[in-house]
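>>> Got a predicted structure plus its sequence, pasted below:
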Amino acid sequence: MIHPDAPWKRIWDLLIFFAITYFAIEVPLRIVLHYKIGAEVALYERIIQLFFMADVVLNFRTSYFQERVLITQERKVAIRYLSSWFLIDFLSAFPFDLFGGFFYQYFGLTDTLRILRLLRAIKVFELFRSLRLLAMGGNEEYQYKALEVINPITFRLTFFIYWTGLFAHWVACGWIKLNPMFLADKDGTTRYIRSLYWSVTTLTTIGYGDIVPTTNIQTVYTMCVMIVGVGIYGYVIGNISSILSNVDIGRVKFQEKLDTINAFLKYKKIPNHLSNRIRAYYINLWEYRHGIDEKDIWQELPTAIKIDISLFLHERLISVVPFFREATEELKREVVQELKPMAFMKGDLIFREGDVPHNMYFIAKGRVDIINEESGKTLTTLREGSFFGEMALVDDGLRTASARAASFCDLYTLAKDSFELVLQHHPSFARSVKEMARLRKIESKMKLKNYKVKRRA
């Protein structure tokens, strides 16, 4: 399956975007001005159609994200595509002009079926996201996400200008179609420019009145364009007012923090690979936590509220651990107070095989690979809601494997010292935990013994 964030896929989306824009501009012009294209242009259009057909095939092979989880199952990908963009993509890619005689004979249609290519312009909404991510370049995860944090307003305005310009072009073509005698003695370029002038003045509600409708259908068309123009005008004013009156304070503070970090990195002449990791860390913090520092919030909250919120947020995490599963609510309330947030970047080593253990870990978001250092093989990959390193709380042995972040990880840790304080308050629970640890040791020794026997054999 194709990863949706693969650099070459973004470049492909950029090519498709330009192809869609070309047809969105050229097809209405050709229909209303009735000009002929040369053999060379026709060849280019046929190549673009091949690109559209290839894009349909690629979309059946492109995975997608659902709630930050990458979906790679072919059946789910196909169902999602068939229920969303497939029909539009197929109609815009199908070479109706090659079967013009057939469609004219049986359906009374002409080569104006090429207008179906305009349907694909709707997909520009989705392609704009690809262009926004592509603009950062490179193939690192932080580069694809950085622009959404740093400069979102620019792309919103660019998107609005693009669609407004395209709509004005369509309105101008519609005016020529409804008024075939409009400047009939002039060349096509002059007719289009004057029609575009009428379109812009009408949409912007200026309307000098030098070009006016003369028939009922032209009058109705003009009124509809005026109504849309008022909507566009209101949309622009509303957005500007919203931007000025509802500035995202959190985003501004985060941007200031990024500026400070960039100045620090430049002043200290930190190497690029380390600088990129630092920026990636803060950008991911914004992506997952929106720049919120949990420690500051916890310090301000009353103890009772702090305990209730911690229990609500983390009870599911600690309940998956065997020796917490049957614990009383009172004990769980004590445990959740001791959980500390911690973040790791993709590729960071959380602990290494042979280390002295001090914490166990709960995965709130992300994936963690458990690795055998000797062979370098990944033993298992843990996901959201999982835990690891729990024997550090009940055993004095060293780490038996390494743990490495497979993506940006939002973890919570429980320190061994904190856990021992909880055990002192609950003697019966402490006895059951020790018994579980004893059985776990016996089980581990039996596995190790069986492994050695198999190796000798």
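In hand now; what should we look at?

>>> From Phe344, how far out is the spatially most central residue of the chain?
Nearest residue to the geometric centre of the chain (Cα atoms, centre = their mean): Phe65, 7.2 Å. As judged by Cβ to Cβ, to the nearest Å, Phe65 and Phe344 stand 21 Å apart. Quick note: C-beta positions are derived from backbone N, CA and C, even for glycine.

>>> One more: Phe362?
13 Å.

>>> Now the common contact residues for those two.
Common contact partners of Phe362 and Phe344 (Cβ atoms under 8 Å, 6 or more residues apart in numbering): Leu411.

>>> before we move on, back to that, is it fair to say the residue nearest to the centre of the chain lies in a strand?
Yes - counting by DSSP: H, G, I helix; E, B strand; the rest coil, Phe65 falls inside a strand.

>>> switch to numbering from 9
From this message on, residue numbering opens at 9, which makes the last subject Phe73.

>>> give me the low-pLDDT residue ranges for the stretch 9-158 of the chain?
For the stretch 9-158 of the chain, the stretches with pLDDT under 70 are 75-76, 104-158.

>>> residue ranges for the strands of it, please.
72-74, 77-79 (DSSP state E, counting those that start in this stretch).

>>> okay if I get the ones you listed as CSV plus distance to Ser426?
CSV is the format used below for the strands of the stretch 9-158 of the chain (distance: least, Cβ to Cβ, whole Å):
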stretch, distance to Ser426
strand 72-74, 36
strand 77-79, 32
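
>>> Tell me which of these lies nearest to Glu337.
Closest approach to Glu337 among the strands of the stretch 9-158 of the chain is made by strand 77-79 (30.9 Å; Cβ to Cβ).

>>> Show me what that closest one is packed against.
Judged by 3 or more Cβ pairs under 8 Å, 6 or more residues apart in numbering; DSSP states H and E, the packing partners of strand 77-79 are strand 72-74.

>>> Pairing partners for the strand it packs on, with directions?
Taking DSSP bridges as the criterion, strand 72-74 forms sheet pairs with strand 77-79 (antiparallel).

>>> which ones are touching Val179?
By Cβ under 8 Å, 6+ apart, the neighbours of Val179 are Ser207, Thr210, Leu211, Val233.

>>> so the nearest residue to Gly397 once chain neighbours are set aside, which of the three states?
Closest residue in space to Gly397, ignoring its immediate chain neighbours: Met368 at 4.4 Å, by Cβ to Cβ, 6 or more residues apart in numbering. Using three-state DSSP, the structure places Met368 in strand.

>>> Show me the helices in the stretch 109-258 of the chain, by range?
132-142, 149-158, 160-186, 196-211, 224-253, 257-276 (DSSP state H, counting those that start in this stretch).

>>> Of these, which shows the lowest average pLDDT?
If you rank those by mean pLDDT, helix 149-158 sits at the bottom with a mean of 41.

>>> beta partners of Ser386?
Careful, residue 386 is Thr; it's not Ser. For Thr386, the beta-bridge partners are Ile379 (DSSP bridges).

>>> how many other residues sit next to the nearest residue to Leu211 once chain neighbours are set aside?
Counting by Cβ to Cβ, 6+ apart, Leu211 lies nearest to Gly237, which is 3.9 Å off, once chain neighbours are set aside. Neighbour count of Gly237, defined by other Cβ atoms under 10 Å: 22.
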